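**Student:** Sequence and predicted model, in that order:
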Amino acid sequence: MKVVYQGSAVETAANTVAEFLAERSVDSTTAIVEYSGEVYAPGSDLSALPLEDGASLDVFKMTAGG
């Protein structure tokens, strides 16, 4: 299936958002995930969230700085 990840179309065999993030070595316990317009806080359980063909997914990480 194809999804749009960080603005680019990518091919994946993942069935859930958690599997997709694991494929890309993204630690969902520290990342903010936006999936098809819905925002999920760091640590959200994404293992039950099915990945849909054509969906969009963006990942954001909070960083400290000054």
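**Tutor:** Arrived safely, thanks for sending. Numbers count the residues shown, from 1 in each chain.
**Student:** Distance across stretch 24-32, terminal residue to terminal residue?
**Tutor:** Distance between the two ends of stretch 24-32: 15 Å, counting by C-alpha to C-alpha, to the nearest Å.
**Student:** Can you mark which positions in that stretch are buried?
**Tutor:** In terms of neighbour count (16 or more other C-beta atoms under 10 Å), stretch 24-32 has its buried residues at Val26, Ser28, Ala31. Placement of C-beta: from N, CA and C, glycine included.
**Student:** Among those residues, which ones are in strands?
**Tutor:** Judged by DSSP state E, the subset of those located in strands is Ala31.
**Student:** Can you tell me which one of the buried residues of stretch 24-32 sits lowest on pLDDT?
**Tutor:** Scanning the buried residues of stretch 24-32 for pLDDT, the smallest score is found at Ser28, 88.
**Student:** one step back: can you tell me which of the buried residues of stretch 24-32 is nearest Ser8?
**Tutor:** Nearest to Ser8, judged by C-beta to C-beta, of those is Val26 at 14.8 Å.
**Student:** State the distance from the closest one to Val4.
**Tutor:** Between Val26 and Val4 the distance, using C-beta to C-beta, to the nearest Å, works out to 15 Å.
**Student:** same question, Ala18
**Tutor:** In this structure, Ala18 lies at 18 Å from Val4, with C-beta to C-beta as the measure.
**Student:** Comparing these two, which residue is more hemmed in?
**Tutor:** When neighbours are counted by other C-beta atoms under 10 Å, Ala18 comes out ahead of the other of Ala18 and Val4, with 19 against 14.
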